[in-house]
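S.K.: generate a structure from the sequence data that follows.
(2 chains, ligands or ions: 1)
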Amino acid sequence: MAKLDWNEIKRQITDSQAWQSMFRHGYEDTPRNRILMVSGNVWLHLHPSKVQKHTVRLRFTWCMGGITFLLFLVTVITGIYLMFYYRPTAEYAYADMKYLEFDMPFGMLMRNMHRWAAHGMVIAVWLHMFRVFMTGSYKPPREFNWVVGVILLVLTLLLSFTGYLLPWDQLSIWAVTVGSNMARATPLLGHGGPFHEVLGVNPVYDARAFIFGGAEIGPHTLLRFYILHCIFFPLLASLFMAVHFWRIRRDGMSGPL
Amino acid sequence: MASQEGNGSGIVMRAAGAAGGAARTPAVAVGPSKRTEVPIKKAGSGIEEKLHTWPFLVRSEFMMSIVIIIVLTIWSLMLNAPLEQPSNPTRTPNPSKAPWYFLGLQEMLVFFDPWYAGVVLPSFIIVGLMLIPYLDINPKGNGYFTLRERWFEIMSFFLGFHILWVSFIIIGTFFRGPGWNWFWPGQVWDPHLVEALTNVDLPYMMGIRDYTTAAIFGLVMIGGYFVVGYVVLYFWIRSRPAGDRWSAFPGGGPEILQKWGPVRFGITGFLLIAMAGVFIKMALRHALNIKYILVTPWINI
Ligand code: HEM
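M.R.: Next up, the predicted model:
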């Protein structure tokens, strides 16, 4: 068999009438163009136009910050799909999960991807924090970005936790009950916590009631968690990610001197 | 976000006197607490070869994204997200487990009351994590993997993150069954299993029977624990010889203490001693069936 000449094949494609009707001129691989590809593109412009060699290596970053971000984007996109079919009321929420599974095209796949990406994000963000710690990348001048990172870690957990309630099945309400019951024990602010008499809090008016929207987990909690999960925490996380990325861009990636 | 002065060019950055980069100037001599403008080079500048982001970094990111999306899609095709019976507030499952990432904290409930395990301890964790960059003034090991130059920091992180956090999640997920009793994987979950609770409070064990004395005893024990902890930490650090692998500075222990200052020492000590307290409480529970150390009508620890 004759050896395939890739350059020849490429040339034939790019010289064809069909190609030329779509792409008027080619991309010339020059240093100037390489920089323009980054600086002239609003998304790629998140990067500097040149980077140190070690930061590209998997061995240094484990890619975990990027993977966290990617998984976040996956949950945003699949989440929008789920929002079209899901109604955050006690009557419908569970039925809509079944509906999604049996009636919606790709409904179950979207739900699975949303859930596994969310779990993956929690793991990735921990590994990312571990990597940043191990390379000492929080040291000056990046102290503050580590703090922003910790806020992002907390937001990731809160996103995951608020989403846990939405299927409205036994697993979700009891897991969220166990998780939120802690708030009942908050010193001063929870009706089961130490010194609760001081402020006179009670089961319908304390830290847990603030989370639940009432004395017990119920439809009001579902709506509350839905709004936190779909609007408030994603927005907040996006804002802090913007700061996080901006800081990385300003300070540069850490590295051996 | 207030940007730092003069970082537009990325050449002049502020740096704590103690923690300059390689191009450390005599500014270090000014003292540890004074902020000075030290010209430090950005990592890699000049020395290391630079690559164009396009195509090299973008290509890696693109490939990695494709791999992750493929793995996630296959995983999602094969494994369905769980959906159990419709919610029923009148039927509590046994065990009721929090989402897996909070199981480390739920596990803490075995050893501490909810106000501590569920509220105070998580707050310490979050605040403690945020403070790490301000407490750790070891100038070495910034931007590369090293165990040798950061032995102390890495060991502390290992205790807190890997042992207390990750391994407890594994225990909570795989080893806890009905009644939060310990079950080996594969062992049948017997919901009627009753484990004798023979825990006693430390003051009671010591023969103290009235509340006031017991409370004072508990406070003294905990206060004493912190005092001893601080003293041990102080002398342990001070006795580090120069060149010891635990000490980040050539001058050894005295230099660390002097550069660290009392505030950093106090906060780090508090966090470390509180963290060690978790281990000690666990050990006391397992070895002596101790329930509480401090017993008062309001709080128990
Ligand atoms: C939603 C969560 C997060 C996202 C999407 C995110 C994303 C990223 C990305 C893409 C990078 C670039 C380098 C890399 O990929 O490793 C990065 C760097 C960094 N991240 Fe995060 N991160 C998150 C959470 C955190 C957390 C929890 C911490 C620490 C507690 C943290 C601290 C840092 C620091 C200090 C850097 C600079 C590293 C260096 O210069 O070497 N981030 N982050």
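S.K.: nearest residue to the residue of the stretch 151-300 of chain B found nearest chain A in space, please, no chain neighbours.
M.R.: Taking Cβ to the nearest Cβ, chain A has its nearest neighbour within the stretch 151-300 of chain B at residue B:299, 4.3 Å off. Placement of C-beta: from N, CA and C, glycine included. In this structure, residue B:299 finds its nearest non-sequential neighbour in residue A:194, 4.3 Å apart by Cβ to Cβ, 6 or more residues apart in numbering or on different chains.
S.K.: let me see the contact set for the one you found.
M.R.: Taking Cβ atoms under 8 Å, 6 or more residues apart in numbering or on different chains as the contact definition, residue A:194 lies against A:187-188, B:115, B:298-299.
S.K.: related to what we said a few turns ago, quick one: contacts for the residue of the stretch 151-300 of chain B closest to chain A?
M.R.: A:187, A:194-195, B:113, B:115.
S.K.: compare the contacts of residue A:194 and tell me which is most surrounded.
M.R.: When those are compared by neighbour count (other Cβ atoms under 10 Å in any protein chain shown), residue B:115 ends up highest, at 25 neighbours.
S.K.: what's the mean pLDDT across stretch A:117-125?
M.R.: Average pLDDT, stretch A:117-125: 97.
S.K.: which parts of that stretch are buried?
M.R.: Neighbour counts using 16 or more other Cβ atoms under 10 Å in any protein chain shown place A:117-118, A:120-122, A:124-125 of stretch A:117-125 among the buried residues.
S.K.: please enumerate the helices of the stretch 151-257 of chain A.
M.R.: Assigned by DSSP state H, counting those that start in this stretch, the stretch 151-257 of chain A shows helices spanning A:170-184, A:196-199, A:207-212, A:219-227, A:233-251.
S.K.: rank those helices by mean pLDDT and give me the bottom one.
M.R.: When I compare the helices of the stretch 151-257 of chain A, helix A:196-199 is least confident, with a mean of 82.
S.K.: quick check: the two most widely separated of the contacts of residue B:299?
M.R.: A:195 and B:113 (13.0 Å; Cβ to Cβ).
S.K.: compare these two (neighbour count), which wins?
M.R.: Between residue A:195 and residue B:113, counting by other Cβ under 10 Å, residue B:113 is the more crowded of the two (19 against 15).
S.K.: who touches residue B:194 in this structure?
M.R.: Residue B:194 neighbours (Cβ under 8 Å, 6+ apart): residue B:179.
S.K.: surely it is in a helix?
M.R.: No: using DSSP: H, G, I helix; E, B strand; the rest coil, the assignment for residue B:194 is coil, not a helix.
S.K.: thinking again about what came up before, make CSV from the helices of the stretch 151-257 of chain A and add mean neighbour count and distance to chain B to it.
M.R.: CSV is the format used below for the helices of the stretch 151-257 of chain A (neighbours: other Cβ atoms under 10 Å in any protein chain shown; distance: least, Cβ to the nearest Cβ, whole Å):
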stretch, mean neighbour count, distance to chain B
helix A:170-184, 22, 3
helix A:196-199, 14, 9
helix A:207-212, 22, 9
helix A:219-227, 18, 9
helix A:233-251, 16, 6
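S.K.: can you pull the buried residues of the helix or strand containing residue B:235?
M.R.: Applying DSSP states H and E as the criterion places residue B:235 in helix B:211-238. Buried positions in helix B:211-238, judged by neighbour count with 16+ other Cβ under 10 Å: B:214-215, B:217-218, B:225, B:229-230, B:233, B:237.
S.K.: got phi/psi on residue B:181?
M.R.: With angles defined as degrees, to the nearest 10, residue B:181 sits at phi -80, psi 160.
S.K.: same check on residue B:82?
M.R.: phi -70, psi 150.
S.K.: without its sequence neighbours, what residue ends up closest to it?
M.R.: Closest to residue B:82 by Cβ to Cβ, 6+ apart is residue A:171, at 5.9 Å.
S.K.: wait, what's in contact with that neighbour?
M.R.: B:82-84.
S.K.: going by distance to chain A, which of those wins?
M.R.: So of the contacts of residue A:171, ranked by how close each gets to chain A (Cβ to the nearest Cβ), first place is residue B:84, at 4.4 Å.
S.K.: specify the local secondary structure of residue B:188.
M.R.: coil.
S.K.: gap between residue B:215 and residue A:194?
M.R.: 13 Å (Cβ to Cβ, to the nearest Å).
S.K.: isn't residue B:204 up against residue B:211?
M.R.: No: the pair residue B:204 / residue B:211 is not scored as a contact, 11.0 Å apart, by Cβ atoms under 8 Å.
S.K.: quick one: common contacting residues for these two?
M.R.: Joint contacts of residue B:204 and residue B:211 (Cβ under 8 Å, 6+ apart) are residue B:295.
S.K.: and residue 160, what does it touch?
M.R.: No chain was given, so I picked chain A. Counting by Cβ under 8 Å, 6+ apart, residue A:160 has contacts A:118-119, A:121-122, B:99, B:101.
S.K.: should've been chain B
M.R.: So residue B:160 contacts B:125, B:128, B:275 (Cβ under 8 Å, 6+ apart).
S.K.: nearest spatial neighbour of the last one, skipping sequence neighbours?
M.R.: Nearest residue to residue B:275 in three dimensions, chain neighbours excluded: residue B:160, at 5.8 Å (Cβ to Cβ, 6+ apart).
S.K.: try the second one
M.R.: Nearest residue to residue B:128, sequence neighbours excluded (Cβ to Cβ, 6+ apart): residue B:271, at 4.7 Å.
S.K.: what about that neighbour, which helix or strand?
M.R.: Per DSSP H and E: helix B:253-288 holds residue B:271.
S.K.: give the buried residues for that helix.
M.R.: Neighbour-count burial for helix B:253-288 [16+ other Cβ under 10 Å]: B:253, B:255-257, B:259-260, B:264-265, B:268-269, B:271-275, B:277-278, B:281-282, B:284.
S.K.: and the residue sitting furthest away from the middle of chain B, what pLDDT?
M.R.: What lies farthest from the middle of chain B is residue B:55; by Cα atoms, centre = their mean that is 38.7 Å. As predicted, residue B:55 sits at a pLDDT of 83.
S.K.: count the residues that sit near the closest residue to it other than its chain neighbours.
M.R.: Nearest residue to residue B:55, sequence neighbours excluded (Cβ to Cβ, 6+ apart): residue A:34, at 7.0 Å. Residues near residue A:34, counting by other Cβ under 10 Å, number 21.
S.K.: and for residue A:18?
M.R.: So residue A:18, with other Cβ under 10 Å, has 7 neighbours.
S.K.: same question for residue B:118.
M.R.: 28.
S.K.: which non-adjacent residue is nearest it?
M.R.: Nearest to residue B:118 is residue A:182, by Cβ to Cβ, 6+ apart, at 2.9 Å.
S.K.: now for that neighbour: which residues touch it?
M.R.: B:105, B:114, B:117-119.
S.K.: ok, it to the ligand distance?
M.R.: 22 Å (Cβ to the nearest ligand atom, to the nearest Å).
S.K.: and the residue most central in space within chain A, how far from residue A:234?
M.R.: Geometric centre of chain A, nearest residue: residue A:72, 2.5 Å, by Cα atoms, centre = their mean. According to Cβ to Cβ, residue A:72 stands 9 Å off from residue A:234.
S.K.: repeat that for residue B:165.
M.R.: With Cβ to Cβ as the criterion, residue B:165 and residue A:234 are 25 Å apart.
S.K.: surely residue B:73 and residue A:113 touch.
M.R.: Yes: with contact defined as Cβ under 8 Å, residue B:73 reaches residue A:113; the gap is 6.9 Å.
S.K.: and these two? Which one has more around it.
M.R.: residue A:113 (27 against 15).
S.K.: for the helix or strand containing the more buried one, packing partners?
M.R.: Assigned by DSSP H and E, residue A:113 belongs to helix A:107-134. Under the contact criterion of 3 or more Cβ pairs under 8 Å, 6 or more residues apart in numbering or on different chains; DSSP states H and E, helix A:107-134 touches helix A:64-85, helix A:93-102, helix A:143-165, helix B:58-78, helix B:151-157.
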